Each structure stands twice: as C-alpha cells, then as structure tokens.
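# next comes the sequence, and after it the predicted model I'd like to discuss.
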Amino acid sequence: MIAIEDVSKRYADGTVAVDRLSLQIPNHSITVLVGPSGCGKTTTLRMINRMIEPSSGTIRVNGEDILRKPVNALRQSMGYVIQNAGLFQHRTILDNIATVPRLLGWSKQRARARAAELMERVGLDPAMARRYPYQLSGGQQQRVGVARALAADPPILLMDEPFSAVDPVVRRGLQEELLRIQGELGKAIVFVTHDMDEAITIGDRVAVLRTGGKLAQFAAPDELLSAPADAFVEEFLGGDRGIRGLSFLSTRDLALDRSRVFPVGSDWQQLAGESAGAGPVLVTDADAKPLGWADLTVWAGDVQALEPHGQAFEVGKDSLRVALDRAVLSPTGQAVAVDGAGRVLGLAGQETVAAAIRAARQRRAADSEGVSTVKAAR
Ligand SMILES: Nc1ncnc2c1ncn2[C@@H]1O[C@H](COP(=O)(O)OP(=O)(O)OP(=O)(O)O)[C@@H](O)[C@H]1O
C-alpha cells in the first residue's frame, strides 16, 4: 500500500503542482492518475520514488515513511517506465533489460537469463535479444521498457505515460499485455496518463486530477462513469459515458430468448406454420453452433441460403456494451448469445439489453457496492 497523505509540491518559482493530495494506492492493483496537461500527474509519480521531494505531507509505503528509507533501496523496490521507454541506445535489448539486476550485483549469466525470461513474459521474440533499441518498433521498445522495470521483481511499478507515443492499435495491444502481466504478477502499479479511455481500460481505481494538482475524484472506473463527482470530471469523461459504462455490466443475467433457435433437420414446414409472422429464426448446426438467419416464410431449407448471423457475444465474458453493439449490427436486431465453446444459448434484442441495463441500475441503487463488473472483453 502506498499512502499519499496531504502532500503538496510547490516549485521554486511558486508553481503549485500538487495541492494537499491524499490517495491510498492498494497493493495488487492498478491505480491510474489522469487529468489535463500540467495537473501534477508526473510530479505526484516522481514524489513516490523521490525523484522529486514533496514540499509538505507524507508518503508511506507499507506504513513506512519513504524519507526514512535509503533512496537507492526505495528505488529498487519500484520499477519505473517512461514514455518512449528511455532505453540505453548503446546496449542490446537483453542488456537493457538486465540493467537493474546487474546493478544489484547479479552475475552476467543470471541477469541475462532473467532478461530472456522477461522478454518472453512481455511478448518479445527472443530473436530480438541481440538487437539495439533503434532496430525495434516503438511498441516493441515500450515492451522492453516494461521488461526492464520488472527485471528485479519490484513490488511497485511506476509508469509515466508509457504508451502515449505509439499508435492506437499498438497501444491497445500494450494495454492488454499489461493487464495480462498484472494478472500474473499482481504488482502495485501507479500509471499516469492524460487519456481517460486508457485510464478506464486499465485502472482498478482512477484518480482524476484538475489543474493545480487537486484531486477531483478517486473511484473505480464504473463508478466514475455512472456518477462523476462534478462538471469537470463529467466533461473530462466525454459525451458517451453512458454507453462506455455498459462495459462494466455483465451479460450473465440477460433474459435470453431460446424460442427462435432451431437445429438443422427441424421440421421447417411445421415451424413455418406455427410461427408465421413472428420474424426470422436462427438455424444452428448439430453442435449448436450458429449457421445463420432464416425467414421461414420463404426459406426452403438450404443452409447456403441463410442470412449471415454476424458476430456473437459470449455470455458472462462479454459486457452489455458488446451485446448491445452486436444487436445493433445484427440484420434481425437480435444478437446471438453463445457459451465459451461457441454454442448458441439464445438471442438478445436491444430491448432485452435495455431491460438488463435497467435491472443493473436498480441493483446498483439498492447495493452501494455496485453491480458485477467485467474487466475483460470490453
Ligand atoms: N521544475 C519545475 N519548476 C517549476 N514548475 C514546474 C516544474 N516541473 C513541473 N512544473 C509545473 O508543475 C505543474 C505540474 O507539472 P507535471 O509535469 O507534474 O504535470 P503533468 O500533469 O504530468 O503534465 P503533462 O500531462 O503535460 O505531462 C505544471 O504547471 C508544470 O509547468
């Protein structure tokens, strides 16, 4: 646990970068500091590893005032990743990653073995070990930066806009990779960004700072989206926060319609008679996997003539946002719900999703703990 207690930073020229900030940053979680340019994010991060000294207030790590700890020991317990990775250009990738273990006195062999292990962990091809930073893409360099910060297995990882310099697709990949690594390692990660989408994607908790280094709100992403503390936070979240908030609602309790799903080999003539006018049905194969939509008033049983069923969503794994998106894109207005093996569980139309949203809101209102959240597959 990192406890920032009533911390301020006033620079020599009088600029107040951070103003009486208090934040509890738990272990085994990602805490994101987000806010407009100049709101004091980097200053806050650097006060944690004592690259900047606070003007007043206290920072404790697991109860111990960081000023009481030798600065080298403090920094060894904290990996640090910056924008553009900040790699040593004259060292190979392997030696860049092995830097801190070598400083800690590990043998070259052990440090390099550890570096090779970390390359694998961050998804870097071992063939890159002997290359130099300039021979890597921006995204690959950022992976090296993360691997280097993790090399001595510090319990804390400080990350200052680590993915800002790469394009959106690579950035998304790096965010997913960070979440995967965090799932395995469970560090206390403090992550600075000015991008609210990034904050919401990766943060367990998000601290929104306003200019002048004042805390505007500190909350879990779903709480931030559903209940911004004030107009500043609301504006910073952007116009579509309602839709984005659906990313945190599970599809587990959707009331799926199973009445319009039939396997191949069904008696189509009889079904056409029974359900005339009720709209298209979903035809599945013998394994319950979706084949496509059929309008029984005209379809003659030819699987090739089925209308494509579009992308399905996985119940319990995908969020209501994904389910709504699939329903909107479906030619029939019905999203196909499947299990982990891709077998059809039923159908969900936009109204079904809307009912689930209302139910979730009611549950949220009744239970201040909030509704089930999903972290994956937003
Ligand atoms: N050494 C310094 N001397 C004086 N003022 C400084 C110094 N370093 C930063 N500042 C000021 O302190 C404020 C906070 O800076 P900081 O770098 O912490 O902001 P930030 O939120 O990380 O910004 P960005 O998103 O642009 O990186 C800014 O107004 C900045 O100009």
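Thanks, I have the structure now.
# Gln182 contacts Ile189, correct?
Yes: if you go by Cβ atoms under 8 Å, Gln182 and Ile189 touch, sitting 6.3 Å apart. The C-beta positions use only the backbone N, C-alpha and C, and glycine is treated the same way.
# which neighbours do those two have in common?
Ile30 (Cβ atoms under 8 Å, 6 or more residues apart in numbering).
# neighbour count: these two, which is higher?
More crowded of Gln182 and Ile189, by other Cβ atoms under 10 Å: Ile189, with 25 against 17.
# so that one sits in a strand?
Yes: assigned with DSSP: H, G, I helix; E, B strand; the rest coil, Ile189 falls within a strand.
# mind checking pLDDT for it?
In this prediction, Ile189 carries a pLDDT score of 95.
# does it have any beta-bridge partners, and if so which?
Ile189 has these beta-bridge partners by DSSP bridges: Ile30, Leu157.
# how near is it to the ligand?
If you measure Ile189 against the ligand using Cβ to the nearest ligand atom, to the nearest Å, the figure is 17 Å.
# that residue against Gly183, yeah?
No: counting by Cβ under 8 Å, Ile189 does not reach Gly183; the two are 11.7 Å apart.
# now do the SS call for Ile52.
coil.
# any idea which helix or strand in this protein has the lowest mean pLDDT?
Lowest mean confidence among the helices and strands of the chain (mean pLDDT, DSSP states H and E): helix 268-274, at a mean of 81.
# list the buried ones in it?
Using 16 or more other Cβ atoms under 10 Å as the test for burial, helix 268-274 gives 268, 271-272.
# correct me if wrong: Arg20 contacts Asp6.
Yes: Arg20 is in contact with Asp6 according to Cβ under 8 Å; the separation is 5.4 Å.
# the two: who's more crowded?
Shown here are Arg20 and Asp6; by other Cβ under 10 Å, Arg20 has more neighbours (14 against 11).
# circling back to that earlier point, make JSON lines from the buried residues of helix 268-274 and add distance to the ligand to it.
Output for the buried residues of helix 268-274, formatted as JSON lines (distance: Cβ to the nearest ligand atom, whole Å):
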{"residue": "Trp268", "distance to the ligand": "62"}
{"residue": "Leu271", "distance to the ligand": "61"}
{"residue": "Ala272", "distance to the ligand": "62"}
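# thinking again about what came up before, contact partners of the least confident helix or strand of the chain?
262, 281, 294, 296-297, 299, 301.
# same check, this time on stretch 155-175
Residues contacting stretch 155-175 (Cβ under 8 Å, 6+ apart): 2, 27, 41-42, 45, 48-49, 61, 77-85, 137-139, 142-143, 145-146, 149-150, 187-195, 198, 201-202.
# what is the burial count for whichever residue of the stretch 51-200 of the chain sits closest to the ligand?
Of all residues in the stretch 51-200 of the chain, His194 sits closest to the ligand, at 4.7 Å by Cβ to the nearest ligand atom. His194 has 17 neighbours, counted by other Cβ under 10 Å.
# next, it: phi, psi?
For His194, the backbone dihedrals (degrees, to the nearest 10) come out as phi -110, psi 10.
# give me the neighbour count for the residue nearest to it when sequence neighbours are not counted.
Leaving aside its sequence neighbours, His194 sits nearest to Ser37 (Cβ to Cβ, 6 or more residues apart in numbering; 6.2 Å). Per other Cβ under 10 Å, the neighbour tally for Ser37 reads 7.
# what secondary structure does Ser37 sit in?
Per three-state DSSP, Ser37 ends up coil.
# any idea how far it is from Phe218?
Going from Ser37 to Phe218 by Cβ to Cβ, to the nearest Å gives 20 Å.
# cool, Gln175 as well?
Taking Cβ to Cβ, one finds Gln175 at 21 Å from Phe218.
# that older thread, what about the least confident helix or strand of the chain, distance to the chain center?
47 Å (Cα atoms, centre = their mean, to the nearest Å).
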